[in-house]
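Engineer: kindly generate the corresponding structure for this input.
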Amino acid sequence: RDRIQVHLTSLRTYTPTQSSMPVLMGQRTVTWRALAILLLLALVPGALILGGDRLISGRVFFPEREIEQTPADWGLSYEDVRFFTSDGVQLHGWFIPGDRQASLLWFHGNAGNISDRLENMKLLHDHLGVNILIFDYRGYGLSDGRISEKGTYLDGEGALRYLRSRPDVRSDRVVLFGRSLGSAVAVDVAARNDVSGLILESPFTSVPDIAKRWLRFLPGFLVRIKYDSLSKILDIDAPLLVLHGDRDEVVPIELGQRLFKAAAEPKEFYVIQGAGHNDTYRVGGEEYFATLKRFVDGLGEEASEGGPLRVLQEGDAY
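Structural biologist: Presented below is the predicted three-dimensional model:
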């Protein structure tokens, strides 16, 4: 359901035809059509900048308020939870208990709400057996507030603080799992907090980099929403697992690889063969979940035995 690029691709690059090209007489005469084009090129950037985040956010965020189902519909026990961010916004989420000490804090993508991720949560619960906290950003689902880039960072911090405050959660065994847009939120939170591990699925370097993939002429300064994970990834010293479909039609795998290359060890890149953007866990199947379990289990060995973490290799990721 993640749709970062949808409206970006609705724009088209202007390609002048022979009939629309100005006719020059020496170096002085220019057609009115050419002048109109030049005026448009001068005014559009200003309009974009003046439009600010409202214009860009309409192309990045696709929140939905209605909760269509709950974990109970998938046979999962859960607790309906609410907590506050540092700026006083109340967020809503679900805590799904597992039978292991590790906990996943799950950051969803840019569209829908947490009720659209329940098939994924069911499979994660059954294969990994960990606690899971999934929550909605401000403006999504039953969470209060209005969505913004800064707001999602505060939301992520609030979710981590809440999860660690629970008496049934080991605060030193929290793994962040960010998917698509949620990967950028997870990166920001991990860059400013000590976490047990970081899992990024279908991540990207920044929103301007995604925009440039589809609109090569678009100056990066026009995109007010950044989600600049590339500038933050080196601030993270937690073990990293990156997963990306090699047929991702929304976030090209090259962006995920570029982010991975910039990260510090220990790290691993796992290519989900044949997967697009929204079918990763379905196409990946048992091997996908086995990769996640191996990563989380490796973190558990370090925490319980106090020994060095096994350094994950890139292998045949490229």
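Engineer: only C-alpha atoms from now on, for both contacts and neighbour counts.
Structural biologist: Will do.
Engineer: list the buried residues in stretch 242-250.
Structural biologist: In terms of neighbour count (16 or more other Cα atoms under 10 Å), stretch 242-250 has its buried residues at 242-248, 250.
Engineer: and of those, the nearest to residue 226?
Structural biologist: Nearest to residue 226 among the buried residues of stretch 242-250 is residue 250, at 16.5 Å by Cα to Cα.
Engineer: isn't the closest one up against residue 277?
Structural biologist: Yes. Taking contacts as Cα atoms under 8 Å, residue 250 lies within contact range of residue 277: 6.1 Å.
Engineer: okay, now residue 150: neighbour count?
Structural biologist: The burial count assigned to residue 150 is 11, neighbours taken as other Cα atoms under 10 Å.
Engineer: identify the residue spatially nearest to residue 158, adjacent ones excluded.
Structural biologist: When the adjacent residues along the chain are set aside, residue 158 lies closest to residue 85, with 4.6 Å between them (Cα to Cα, 6 or more residues apart in numbering).
Engineer: how about the one you found, what does it touch?
Structural biologist: Residues touching residue 85, when contacts are defined by Cα atoms under 8 Å, 6 or more residues apart in numbering, comprise 91, 154-155, 157-159.
Engineer: so residue 177: helix, strand or coil?
Structural biologist: Three states are possible here, and by DSSP: H, G, I helix; E, B strand; the rest coil the one that applies to residue 177 is strand.
Engineer: export stretch 274-281 as PDB, just CAs?
Structural biologist: Once side chains and other backbone atoms are set aside, the C-alpha atoms of stretch 274-281 remain, and they are given as PDB (Å, rounded to 0.1, in the frame of the first residue of the first chain):
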ATOM      1  CA  GLY A 274      11.200 -11.300  -7.700                       C
ATOM      2  CA  ALA A 275       9.600  -9.000  -5.000                       C
ATOM      3  CA  GLY A 276       8.100  -5.600  -5.700                       C
ATOM      4  CA  HIS A 277       7.400  -3.000  -3.200                       C
ATOM      5  CA  ASN A 278       4.300  -4.300  -1.400                       C
ATOM      6  CA  ASP A 279       4.700  -8.100  -1.700                       C
ATOM      7  CA  THR A 280       8.100  -8.600   0.000                       C
ATOM      8  CA  TYR A 281       7.000 -11.000   2.700                       C
END
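Engineer: now that stretch: mean pLDDT?
Structural biologist: For stretch 274-281, mean pLDDT is 97.
Engineer: please apply the same query to stretch 91-101.
Structural biologist: Per-residue pLDDT values over stretch 91-101 give a mean of 96.
Engineer: buried residues in it?
Structural biologist: Of the residues in stretch 91-101, those scored as buried under the neighbour-count criterion (16+ other Cα under 10 Å) are 91-98, 101.
Engineer: CSV for these, including secondary structure and distance to residue 300?
Structural biologist: Formatted as CSV, the entries for the buried residues of stretch 91-101 read as follows, by DSSP: H, G, I helix; E, B strand; the rest coil; distance: Cα to Cα, whole Å:
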residue, secondary structure, distance to residue 300
91, strand, 29
92, strand, 28
93, strand, 25
94, strand, 24
95, strand, 20
96, strand, 19
97, coil, 17
98, coil, 15
101, coil, 8
